[in-house]
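Student: Sequence first, then the predicted structure:
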Amino acid sequence: MTDNRNTILAVVLSGLVLIAWQYFYNVPQMEKQRALQQKQAELQKGAPQPTASATPGASPQAGGAAQPSTPAANQQAQPVVARDAAIAASPRVKIETPRLAGSISLKGGRIDDLALVQYRETVDPKSPPIILYSPSGTAEPYYAEFGWVATTGVTAKMPDAQTLWQQDGSGNLTPSTPVVLKWDNGEGLTFRRTITVDEHYLFTVKDEVTNFGNAAVTLYPFALISRHGTPQVSGYYIMHEGLIGYLGEHGLQEYAYKKIDEAKQVSFKATNAWLGMTDKYWASALLPDAAAQLNAHYSSNLTGNVHTYQTDYLLDPQTVAIGGTAMANARLFAGAKEAGVVGINFPLAGLGGYNKELGLNHFDLLIDWGWFYFFTKPMFLGLDFFYRLFGNFGISILLVTVIVKLLFFPLANKSYASMAKMKSVQPQLQALKERYPDDKVKQQQEMMEIYRKEKINPVAGCLPVVIQIPVFFSLYKVLFVTIEMRHAPFFGWIKDLSAPDPTNVFNLFGLLPFDPQAIPLIGGFLVLGAWPIFMGFTQWVSMKLNPPPPDPSQKMIFEWMPLIFTFMLANFSAGLVIYWAWNNSLSALQQALIMRRSGVKIELWQNLKALFART
């Protein structure tokens, strides 16, 4: 009676695990996708948005001196216009590089129009490129701005969001041709801005101001990144999306959008710092000189029901004497978080990127490697190494799995050898149950004596699973956060290793023209592709090679486990499912060889026949 109760309990718990997984993982992901689509539809209809304007305000500084703040969004609102219309509304200088396309607005001198031409919204190469920056007045403004603000008491006109700059000469901004902008305030101050861009995602901005007036002026150089509206984020706890920076002795400072909404503003005084905003795959960051002393800020301002997020910094003031010139340099990263471009701080990584080239402070943390970076980074480097050899990240996953198996081969061998011995003593264990049917304590005592005599470790079967945990997590992290895995194809129907298997058994793998996930209430459960099914089968095979647990409830759980994992992993990245299936296959092969060498009968075919006989 107790065994039956345990069996029923095991089945119920297994079902609850499956239901909970679907409810807390699959269904929320579907809801997020619907919410994103609804938000995009609402934005297309138009809603009031704040427009940014240079409106310096004063804030007290330590010691009682007054220090101006960087320009921030004001409280005015205007109707949303189409992105193309907003771009066409002001004179512009085109940006043309191998990876970027866009323009600089001469009105305000902002970098506010950027598209990442090497990355597309979907796996279709004809789909639109990823839009990073958009001008003020559009549905989702996002831009970078540089310049000067005057110290308190200075009344001279300063360039702001409405200033119309003039291009010195003509031509587009390319890696080989910089752009020079000029503006005269009519009061003796002449401003000159030189913008250069490299072949990747780095802008360098050199601002100069010359004083032809009759009095010296004191100015503060500033740089900012502004983003209007709360961005749609993935919502996973293992990855940060929001405001980010490594601020000298303050270390890594990450503020999710909700967190900065609550804080309103946080300030830091730091050197050897950088700061910006990060999405899952894209980022925008200010990269001042490592020796510069910054007054840096994260902030969130609310206009109506729309938040405006900003990261910015002020440099130390410069006094421009009569006839003198002041100069300030700034840098902007705006693009994809490619590991080779951003850089990796890891021994023998060979990927220095901007982090090493510019002497930055942990700029590699722009990619969220996580707390277990000592697993995650080597995993990425291994995958990247084989990708460079074979040109396919799917093959890289297979080869890295083999290498991991070889590294842990001695440990796994001991484990499988112990399990083979355990399988060989199953008749003795069964005899114990028949000899002491009502004495569980005596059964356990005799069982442990057999284990001791045969030198069997009863928990040896857990070792292969424990070994997989850090490998599984690191691969999951790499597939989830690195842009190199985005839209990386394997073979056949797998066009994106970072996305779930697109096939579904519930519509006969596409033969039936409908989406099972769209079915109300139960749609979230109807997700099961070809690779997850194969993965579940390989896990079942691997488990059938192991001796069954003596406890009936444990045995039932083990029998249900492959099916539960099949559904649990159905919505994981295809690359992760392929890894698990391949690892199961290698483990089963290794275990079968050890069992044969130990003289233990392999009853896989008998188990298969028994399975189909029951059905």
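Tutor: Good, I have the coordinates. Computed from a predicted structure; not experimentally measured. Numbering: from 1, shown residues only.
Student: what residue is smack in the middle of the protein?
Tutor: Closest to where the C-alpha atoms of the chain average out (C-alpha atoms, centre = their mean) is residue 481, at 3.1 Å.
Student: shouldn't that one be in contact with residue 367?
Tutor: Yes: with contacts counted by C-beta atoms under 8 Å, residue 481 reaches residue 367, the gap being 6.4 Å. To be clear about C-beta, it is placed using only N, CA and C from the backbone, and glycine gets the same treatment.
Student: Could you pull up phi and psi at the residue nearest to the centre of the chain?
Tutor: phi -110, psi -20 (degrees, to the nearest 10).
Student: residues in contact with it?
Tutor: Neighbouring residues of residue 481 by C-beta atoms under 8 Å, 6 or more residues apart in numbering: 239, 280, 367, 368, 369, 370.
Student: again, but for residue 298
Tutor: Under the criterion of C-beta under 8 Å, 6+ apart, the neighbours of residue 298 are 243, 245, 253, 255, 260, 263, 265, 266, 275, 310, 311.
Student: Restrict those residues to the buried ones and give me that as a PyMOL selection.
Tutor: Buried subset of the contacts of residue 298, written as a PyMOL selection, criterion 16 or more other C-beta atoms under 10 Å:
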select buried, resi 243+245+253+255+260+266+275+310+311
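Student: closest to residue 199 among the contacts of residue 298?
Tutor: Sorting the contacts of residue 298 by how near they are to residue 199, with C-beta to C-beta, puts residue 275 at the top with 24.1 Å.
Student: Could you check how far the closest one is from residue 295?
Tutor: If you measure residue 275 against residue 295 using C-beta to C-beta, to the nearest Å, the figure is 12 Å.
Student: Whichever helix in the chain runs longest: how far from the chain's middle?
Tutor: Residue-count comparison of every helix in the chain, with assignments taken from DSSP state H, identifies helix 574-597 as the longest. The chain centre lies 29 Å from the centre of helix 574-597; the measure is C-alpha atoms, centre = their mean, to the nearest Å.
Student: Please apply the same query to stretch 558-576.
Tutor: From the chain centre to the centre of stretch 558-576 is a distance of 22 Å (C-alpha atoms, centre = their mean).
Student: End to end on it, go ahead and measure it.
Tutor: End-to-end span of stretch 558-576 (C-alpha to C-alpha, to the nearest Å): 22 Å.
Student: residues near residue 413, how many?
Tutor: 14 (other C-beta atoms under 10 Å).
Student: Burial check on the nearest residue to it once chain neighbours are set aside, number of neighbours?
Tutor: Of all residues not flanking residue 413 in the chain, residue 594 sits nearest, at 6.7 Å (C-beta to C-beta, 6 or more residues apart in numbering). Using other C-beta under 10 Å, residue 594 has 20 other residues around it.
Student: Could you check the pLDDT of residue 594?
Tutor: At residue 594, the predicted lDDT confidence score is 76.
Student: Tell me which residues of the helix or strand encompassing residue 559 come out buried.
Tutor: Take DSSP states H and E as the rule and residue 559 turns out to sit in helix 552-568. By neighbour count with 16+ other C-beta under 10 Å, helix 552-568 contains the buried residues 552-553, 555-562, 564-568.
Student: Closest to residue 169 out of those?
Tutor: In terms of C-beta to C-beta, no member of the buried residues of helix 552-568 lies closer to residue 169 than residue 568, at 60.7 Å.
Student: ok now do residue 140, which residues does it touch?
Tutor: With C-beta under 8 Å, 6+ apart, residue 140 has these contacts: 43, 134, 227, 228, 229, 231.
Student: wouldn't the fifth one be in contact with residue 303 here?
Tutor: No: using C-beta under 8 Å, residue 229 is not in contact with residue 303, being 10.2 Å away.
Student: Show me which of those two is the more surrounded one.
Tutor: Between residue 229 and residue 303, counted using other C-beta under 10 Å, residue 229 has the larger neighbour count: 21 against 17.
Student: mind checking pLDDT for the more buried one?
Tutor: In this prediction, residue 229 carries a pLDDT score of 93.
Student: One more: residue 49?
Tutor: According to the model's per-residue confidence, residue 49 sits at a pLDDT of 37.
Student: Over to residue 613?
Tutor: 60.
Student: Please report how far the residue lying closest to residue 81 once chain neighbours are set aside lies from residue 110.
Tutor: If the residues on either side of it in the chain are set aside, residue 81 comes closest to residue 137, at 5.2 Å by C-beta to C-beta, 6+ apart. Using C-beta to C-beta, residue 137 is found at 12 Å from residue 110.
Student: neighbour-wise, which of those two wins?
Tutor: Set side by side, residue 137 and residue 110 give different neighbour counts by other C-beta under 10 Å, the larger being at residue 110 (25 against 22).
Student: From residue 142, how far out is the more buried one?
Tutor: When distances are taken as C-beta to C-beta, residue 110 and residue 142 turn out to be 11 Å apart.
Student: Could you do residue 257 as well?
Tutor: Here the criterion is C-beta to C-beta. By it, residue 257 lies 13 Å from residue 142.
Student: Which of the two has more residues huddled nearby?
Tutor: Neighbours per residue, other C-beta under 10 Å: of residue 257 and residue 142, the larger number sits with residue 142, 24 against 18.
Student: thinking that one is in contact with residue 224, fair?
Tutor: No: under the criterion of C-beta under 8 Å, residue 142 makes no contact with residue 224, lying 11.8 Å away.
Student: Check which element follows the helix or strand encompassing residue 131 along the chain.
Tutor: For residue 131, the element it lies in under DSSP H and E is strand 129-133. Reading on from strand 129-133 to the C-terminus, the next helix or strand found by DSSP H and E is strand 142-150.
Student: Not counting its own residues, what contacts whatever helix or strand comes next after that next one?
Tutor: Scanning forward in sequence from strand 142-150 by DSSP H and E, the next helix or strand is strand 166-167. Contacts of strand 166-167 from elsewhere in the structure, counted by C-beta under 8 Å, 6+ apart, are 93, 106, 179, 180, 181, 182, 183.
Student: Go again with 10 Å.
Tutor: Applying C-beta atoms under 10 Å, 6 or more residues apart in numbering, the contact partners of strand 166-167 are 91, 92, 93, 104, 106, 179, 180, 181, 182, 183, 184.
Student: all helices in the stretch 301-450 of the chain, in order from the N-terminus.
Tutor: Assigned helices in the stretch 301-450 of the chain, in chain order: 339-342, 353-357, 373-390, 393-407, 409-424, 426-435, 440-454 (criterion: DSSP state H, counting those that start in this stretch).
Student: Out of those, which gets nearest to residue 70?
Tutor: helix 353-357 (23.4 Å).
Student: Give me the buried positions along that closest one.
Tutor: Counting neighbours by 16+ other C-beta under 10 Å, one finds that the buried residues in helix 353-357 are 353, 354, 355.
Student: Surely the last one is in contact with residue 290?
Tutor: Think residue 355. No: between residue 355 and residue 290 there is no contact under C-beta atoms under 10 Å: 11.2 Å.
Student: returning to that earlier point: and the residue nearest to residue 81, its phi and psi?
Tutor: The main-chain torsion angles of residue 137 are listed as degrees, to the nearest 10 and equal phi 100, psi -10.
Student: Show the pLDDT at it.
Tutor: According to the per-residue confidence, residue 137 scores 91 in pLDDT.
Student: and if you look at residue 346?
Tutor: The per-residue confidence score, pLDDT, reads 75 for residue 346.
Student: and this protein, what are its domains?
Tutor: The chain is divided into the following domains under automatic domain parsing: 2-27+389-614, 46-58+67-368.
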